[in-house]
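**Q** Here is my input, please return the structure:
(chains A, B and C)
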Amino acid sequence: MSVESVNSVEQATRYETVIGLEVHVELSTATKMFCGCATDFGGEPNSRTCPVCLGQPGSLPVPNRAAIEYAIRLGLALGCEIAPASQFHRKNYFYPDMPKNYQISQYDVPICLGGHLDITVEGETRRIGITRVHMEEDTGKSLHVGESGRIHGADYSLVDYNRAGIPLLEVVSEPDLRSAEEARAYLSELRAVVLALGISDAKLEEGSMRCDANVSLRPVGHTVFGTRAEIKNMNSLRSLGRAITYEVERQTDLLQAGEAIRQETRHWDEDGGVTHTLRVKEGEEDYRYFPDPDLLPIEPAEEWITSIRSTLPELPASIRERLVEQRGLTPDQAVTLVETGLHARLDEAAEAGAAADQAAKWLVNEVAGWANEHGVEPTAAPLSGSHLAELTALVGDGTLSTKLARQVLEAVLNGEGAPRAVVAERGLEQVSDTGALDALVDQAIAEQPDAAEQVRAGNEKAIGALVGAVMRASRGQANPQLVNELLRERLVSG
Amino acid sequence: MSLTPDDVRHVAQLARLALTDDQLDVMSEQLGAILAYAEQVAEVATADVPATGHPLRLANVWRDDEPRPSLSPHEALAPAPAAENGRFRVPRIIGEQPGARPREEPAHG
Amino acid sequence: MAEDSALATSSAADLLDLLDRGETSAVEVTRAHLERITKTDETLKAFLTVLEDDALAHAAGIDQRRSAGEPVGPLAGVPLALKDLLCTRGIPTTCGSRILADYRPPYDAGVVERLREADAVVLGKTNMDEFAMGSSTENSAFAATRNPWDLQRVPGGSSGGSAAAVAGFQATVAVGTDTGGSIRQPAALCGLVGMKPTYGLASRYGLIAFGSSLDQAGPITRTVEDAARLFQAMCGHDPRDSTSLTDPVPDVMTGLNRGMEGLRVGVVTEMMGEGMEPGVRARVGEAIDRLEPLGAEVVEVSLPHVSYGLPAYYLIAPSEASSNLSRYDGVRYGLRLDGGDTEQMMAATRAEGFGPEVQRRIMIGTYALSAGYYDAYYAQAQRVRTLILRDFEEAFGRCDVLIGPTSPSVAFGLGEKTDDPLAMYLNDVYSVPASLAGLPALSLPAGLGEHDLPVGVQLIAGVLGEAVLFRAARALEAELAFDATPRGAHALDAP
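**A** Down below sits the predicted model:
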């Protein structure tokens, strides 16, 4: 790209955004990548360490088979080629949170190469290229001590190596994303795939899924990439969107003012809503990659790959398509169900005889909201598919009004048992017994003669007041449709 | 092969060795001589010869995902030159974690 | 009861016989060696740590078990010295470096575990060139070890402390480590047997790394049989080392005395050229001349790329070392020099904690791996390595064992080569090829060369060819009948 073309007035007015994402996924294996230390959290600092993950003299790494399997699983789900022979390399640089002062990673022969992920934004589906997926180990965590509490201005730092050596997959996309919305959709979809595969809890907020964005602009119609900035520290889908939107504006302003974009790493400041310079890249870092002589090549047997492929779960895209086409849900319902992981509950409910559209409404409108309110994963909601089928059946046969059903659901979610049990326990059945309702209906007519007269005169709307009176008198348990019918019998046809 | 003092300074920086100017001078002379010797490898025709990183022609060595006992924090910190609150203490850190791998395609390997 | 002096000079095989017959006790044997250490180590400086109490306690335990009829290990009561780069739980492990001067590992190395299970009695940890980088043991941060054959000369290196301890009768057997010759060369210079196993047979877990694709631990002894026993006890699969072989350890004891009959021995043309001392050439030539009368068939073989072994080695080993030694940064263990920020602390610590040779190798390796040089240096060296491997493969298609010198010279004077790194490196010219190819190789004494100092002859076998290697070595040893007692005007007094 020539400088003149950027600065020329006609072309400088419109730019195309080019985004590539590098996503780190922390794997939910029981042990670290290269040693037997547990990966569970909550332990005291440095309580999940051993000579290997502390880089003590003489210690050696042995790869975790499950982590390799998880990498292959993700690679297959993303349509990657699984490398017949991949290799671990050492990435050499000094940093106190890295025990060996090199990171075991993969370089020119990663385990997965060349895949793709389809994203849908505003009804349009695009295929985003995946360059590679590779395995590496995480670093420790530093605590910066000083007034600022941040790395800058700290007096000293304290290092905890519990996280050092936890297995990571790095998923690198092609620079195929063209907007903040697409970047969000990509990350969201990748997260859904990872969750479906069960290889990570993929929590952006907690850092078990981390995302860096390479953002650049180029004049519309150009094919050469502009200078990019790498944005770090985005801890949610929302902050990814905000950071990219901000960065695109920043770069646009610079280009339109005739200024050059610097190749640099920028830090997203969530509170300030801006990115600021972290490091200017003066030439590339010299990481002196070379094959790790402590580790041998990974050459997954064809049978192993086949068996992993045969146990892949249904992936989000296919689940959504199936929910819409076979279960008759709306695309929005399908998206929410997959995003929340509640699609499995829907399938269970449908298997148990529920009408899918009804079950979907409960899951999307009520269960997801309940989980959000209570700060738990939607999939952790104590509501089985058969519970849901029971609930929809109770509404369908008139036992529960929608309003009562909501109460019953709340009770089920609070652990009070299955819907029928809650209904029995609380005596919440709708009264559909005409014998029991006759007296209440007669009483309502007697108490509101004016309303009754109006109905007789043909003003059907006036019947509402009488229905309301019966409902009140039954403390909400009367079946409103039945009450309506009984009133009409007496006032309209009589 | 001759190495300028600046080359040697750069390498010393990469290797985190605080060398004095005198040491850099001696080092550049010695490294020059050693590399001149080592450069004999360039005389060998190696087109189509794969690299051997390892004398073993083995692959697929791994372990099962089963936890093993860790050290206690006390044992982990015992050899530390400085520790505080169960963590390793280091002086202030100036640079940020270099973090993600470079974007360029691998140049070698 | 056997005399103390006899206990100190006995081979492990003889000691095991005496112990079995109840003619001595492990405590007696241990005490005899500890006394010898007390008497001689101020002169020899072979040990960095002597474990008097631990050794006597272990020995007493062995005696107790033996007298109670309980099982004891195959090396029960044999006094053993360990090179100080093998991790020993709770016991100082310095690797000859200031940077680890106060380091006590939280675990035992894999080979140490095996040797303890075999009931070898660990007398202490021996001196070495810092991080195993050197051929004279003068690069130790703590002391220069003397050669028992001439106290003004070096014992070789980097396992010079282990070699001096065995040659000086301080220990019956010792473990060294070999990256490019660090077992074989000091064994040659001290008139001993030194053996490097096939890469992957001895666990590298707990062996402080220098060049990870080359490092192997192995025995240093006064006899081939002792080396075979130690090899058998220390080798075996270790799941904590990804590069540990799962193949069974070759049985080297059963056929040890089958002689040379029927073996094809290849004389490596490229190893018999210029560059070695006349005395070395003469002794090695004489050893070769003994082969045919012993029933071997002798053939000439060529390893065309072997002369590029040393240049390739001096790119590969420093490259791996530059990365392996990055972890010594003053953060988690070892020396720290405070002052300034973390980066300055690391750079100051490393400049202070590493000696000049280690710094040189880190610099070479860092340079050889750095952007723009990787392909010409590191990658090219690895391609040359492939060619050397192929040369050996072809040779072992025709021969059972290869023969040549171990080192181009006898022991040189202290300080003679310290100012010329490249001259020091040339000591490794004959030992490096087997290291690059991961092959088992053994040095045994061929007689005396210049200044009446020991000369080593090297035997190399194919991958996992240890049985034939030890068998050939045993046959040659019997024929050469070398007396391992240091002698001469400047030698250490015998026990």
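
**Q** Model confidence score at the closest residue to chain A within chain B, please.
**A** Of all residues in chain B, residue B:68 sits closest to chain A, at 2.8 Å by C-beta to the nearest C-beta. Where you see a C-beta, it was placed from the backbone N, CA and C, and this is true even at glycine. Looking at residue B:68, its pLDDT reads 97.

**Q** That one: what secondary structure?
**A** coil (DSSP: H, G, I helix; E, B strand; the rest coil).

**Q** With the flanking residues excluded, which residue is spatially nearest to it?
**A** The shortest distance from residue B:68 to any non-neighbouring residue, by C-beta to C-beta, 6 or more residues apart in numbering or on different chains, is to residue A:36 (2.8 Å).

**Q** same thing with residue C:453?
**A** Using C-beta to C-beta, 6+ apart, the nearest residue to residue C:453 is residue C:410, at 3.8 Å.

**Q** Now for the residue lying farthest from the centre of chain C: which residues touch it?
**A** The C-alpha centroid of chain C is most remote from residue C:340, which lies 40.6 Å away (C-alpha atoms, centre = their mean). Each residue near residue C:340 by C-beta atoms under 8 Å, 6 or more residues apart in numbering or on different chains is listed here: B:91, C:348.

**Q** Please report how far it lies from residue B:60.
**A** 45 Å (C-beta to C-beta, to the nearest Å).

**Q** Run a quick neighbour tally on residue 153.
**A** Using chain A here. Neighbours of residue A:153 under the rule other C-beta atoms under 10 Å in any protein chain shown: 11.

**Q** try chain C instead
**A** Residue crowding around residue C:153 was assessed by other C-beta under 10 Å; the count is 22.

**Q** And it, how far from chain B?
**A** Distance from residue C:153 to chain B, counting by C-beta to the nearest C-beta, to the nearest Å: 24 Å.

**Q** How confident was the prediction at residue 4?
**A** This is for chain A. Residue A:4 is given a pLDDT of 44.

**Q** nope, chain C please
**A** What the model reports as pLDDT for residue C:4 is 76.

**Q** The residue farthest from the centre of chain C: what secondary structure?
**A** Following three-state DSSP, the label given to residue C:340 is coil.

**Q** which residues of chain B score low on pLDDT?
**A** B:1-2, B:96-109 (pLDDT under 70).

**Q** Phi and psi next, for residue C:176.
**A** The phi/psi pair for residue C:176 (degrees, to the nearest 10) reads phi -120, psi -180.

**Q** How about it, nearest residue that isn't a chain neighbour?
**A** Nearest to residue C:176 is residue C:159, by C-beta to C-beta, 6+ apart, at 2.9 Å.

**Q** I'd like the distance between that neighbour and residue B:83.
**A** Look at residue C:159 and residue B:83: by C-beta to C-beta, they are 34 Å apart.

**Q** swap in residue A:333?
**A** Counting by C-beta to C-beta, the gap from residue A:333 to residue B:83 is 54 Å.

**Q** These two: which is more packed in?
**A** Between residue A:333 and residue B:83, counted using other C-beta under 10 Å, residue A:333 has the larger neighbour count: 23 against 20.

**Q** Assign a three-state SS to that one, would you?
**A** helix.

**Q** is it true that residue A:208 touches residue A:195?
**A** No: if you go by C-beta atoms under 8 Å, residue A:208 and residue A:195 don't touch, sitting 11.0 Å apart.

**Q** Overlap in contacts, those two.
**A** With C-beta under 8 Å, 6+ apart, residue A:208 and residue A:195 have common neighbours A:201-202.

**Q** Please say which of these two ends up with more neighbours.
**A** Using other C-beta under 10 Å, the more surrounded residue of residue A:208 and residue A:195 is residue A:195, with 22 against 19.

**Q** Residue C:313 touches residue C:432, doesn't it?
**A** Yes: look at residue C:313 against residue C:432 with C-beta under 8 Å: they come within range, at 4.4 Å.

**Q** Just give me the residues shared between the contact sets of those two.
**A** What both residue C:313 and residue C:432 touch, as defined by C-beta under 8 Å, 6+ apart, is the set residue C:180.

**Q** Neighbour count for those two, which is higher?
**A** The residue with more neighbours, out of residue C:313 and residue C:432, is residue C:313; 29 against 25, by other C-beta under 10 Å.

**Q** which ones are touching that one?
**A** Counting by C-beta under 8 Å, 6+ apart, residue C:313 touches C:180, C:214, C:381, C:428, C:432, C:435-436.

**Q** for those residues, which one is nearest residue B:26?
**A** Nearest to residue B:26, judged by C-beta to C-beta, of these is residue C:428 at 22.4 Å.

**Q** which non-adjacent residue is nearest whichever residue of chain B sits closest to chain C?
**A** Relative to chain C, the nearest point of chain B is residue B:55 (2.6 Å; C-beta to the nearest C-beta). Take residue B:55 and drop its neighbours on the chain: the residue closest to it by C-beta to C-beta, 6+ apart is residue C:438, 2.6 Å away.

**Q** That neighbour against residue B:56, yeah?
**A** Yes: using C-beta under 8 Å, residue C:438 makes contact with residue B:56 at a distance of 6.6 Å.

**Q** more neighbours, those two?
**A** Between residue C:438 and residue B:56, counting by other C-beta under 10 Å, residue C:438 is the more crowded of the two (25 against 20).

**Q** now the helices for the stretch 351-495 of chain C?
**A** For the stretch 351-495 of chain C, applying DSSP state H, counting those that start in this stretch gives helices covering C:356-369, C:380-398, C:421-425, C:432-437, C:466-480.

**Q** relative to helix C:356-369, how tilted is the longest helix belonging to chain B?
**A** In chain B, taking DSSP state H as the definition, the longest helix is helix B:21-38. Using axes from the mean of the first three to the mean of the last three C-alpha atoms, to 10 degrees, the inter-axis angle of helix B:21-38 relative to helix C:356-369 is 60 degrees.

**Q** any idea which helix or strand comes after helix B:21-38?
**A** Using DSSP states H and E, the helix or strand that follows helix B:21-38 towards the C-terminus is helix B:73-77.

**Q** Can I get that next one as PDB, trimmed to CA atoms?
**A** Extracted in PDB, the C-alpha atoms of helix B:73-77 (Å, rounded to 0.1, in the frame of the first residue of the first chain):
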ATOM      1  CA  PRO B  73       4.300 -24.300  48.900                       C
ATOM      2  CA  HIS B  74       6.900 -24.500  51.600                       C
ATOM      3  CA  GLU B  75       9.000 -26.900  49.600                       C
ATOM      4  CA  ALA B  76       8.500 -24.900  46.400                       C
ATOM      5  CA  LEU B  77       9.700 -21.700  48.000                       C
END
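
**Q** Could you pull out the buried residues of that helix?
**A** Within helix B:73-77, the residues that count as buried by 16 or more other C-beta atoms under 10 Å in any protein chain shown are B:73, B:75-77.

**Q** any idea which of the residues you listed is the one closest to residue C:106?
**A** Checking the buried residues of helix B:73-77 against residue C:106 by C-beta to C-beta gives residue B:75 as the nearest, at 5.4 Å.

**Q** can you pull out the strands in chain A?
**A** Counting by DSSP state E, one finds strands in chain A at the ranges A:15-26, A:81-82, A:89-92, A:102-105, A:112-121, A:124-137, A:141-145, A:156-160, A:167-173, A:209-219, A:229-234, A:264-269, A:274-280, A:290-291.
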